[in-house]
Each structure stands twice: as structure tokens, then as C-alpha cells.
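**Q** turn this into a structure:
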Amino acid sequence: MSNEMPLSEWSKIPFQGQDEVLAAMSSERYRSMYGEAYRAAVAAKLAISEVGLDKNYSGRVENSVTIGTDSLYGAAPAEDQKAVERAFAALRPDAPLAVDPNRIA
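**A** Numbers count the residues shown, from 1 in each chain. As a prediction, the model looks like this:
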């Protein structure tokens, strides 16, 4: 007989760190097509934990993507958009859908 804690009790104990979360999600039980109860227990533990996966992992390899909201050229976002429109209009002056450079304020 196994000394393993029942999932109903295990799910009430918060994860202690990201390594523990990764270990739980890397488990064969988590990936099994019959692992619905285990996945639910992991979800319950995550809900009460102060840790989680702050990064995107594929297996144990981090695949995080950072999206910046800063300006492309150091100007205000509206100025960035105008610069992009001017560059596009300069490249395609004969295109019917090109931005009219005279209308860019």
C-alpha cells in the first residue's frame, strides 16, 4: 500500500515554489488522459498558492515573450504611429490604400 497523500488533502496544501509547480505539471499523472482528478488538484493548489508560473514553459524550457509598450523611437506612441504612416506613405505614393501624407498632422 502506498504512503501517498490522497489528492483531496494534497490539493489543500499550497505550492511552495515554482519548482514544485513545474514538477506537478511535468508529472506523468498530469499528462495522462485519465488524469482529470490530478489536474483538478493541481489547479486547486495553484488557486491557493502565492506562486505560479510567471513564465511560459515548454517542458522545463522557458519560452517567455516580453511585449514592450514603450515607444519605438523614443517619442510618444502617437508620434510613433505618425512616423510609421509617413514611412509607409513615402514607400507607396501610388498605392490607392497608402496613407495620404498631407493628412498626417
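
**Q** when you work out contacts or count neighbours from here on, use the C-alpha atoms and nothing else.
**A** OK.

**Q** just for this structure, where's the confidence low?
**A** Along the chain, segments meeting pLDDT under 70 span 1-3, 52-78, 93, 95-105.

**Q** ok, longest helix in it?
**A** Identified as the longest helix of the chain according to DSSP state H is helix 77-91.

**Q** on contacts alone, who are the packing partners of that helix?
**A** Packing partners of helix 77-91 (3 or more CA pairs under 8 Å, 6 or more residues apart in numbering; DSSP states H and E): none among the helices and strands.

**Q** for the chain, which segments count as helices?
**A** For the chain, helices defined by DSSP H occupy the ranges 7-10, 18-26, 28-31, 36-48, 77-91.

**Q** need the ones you listed in a markdown table with mean neighbour count, can you?
**A** Formatted as a markdown table, the helices of the chain follow (neighbours: other CA atoms under 10 Å):
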| stretch | mean neighbour count |
| --- | --- |
| helix 7-10 | 13 |
| helix 18-26 | 15 |
| helix 28-31 | 14 |
| helix 36-48 | 17 |
| helix 77-91 | 15 |
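
**Q** distance of Y30 from L22?
**A** Y30 sits 11 Å away from L22, taking CA to CA, to the nearest Å as the criterion.
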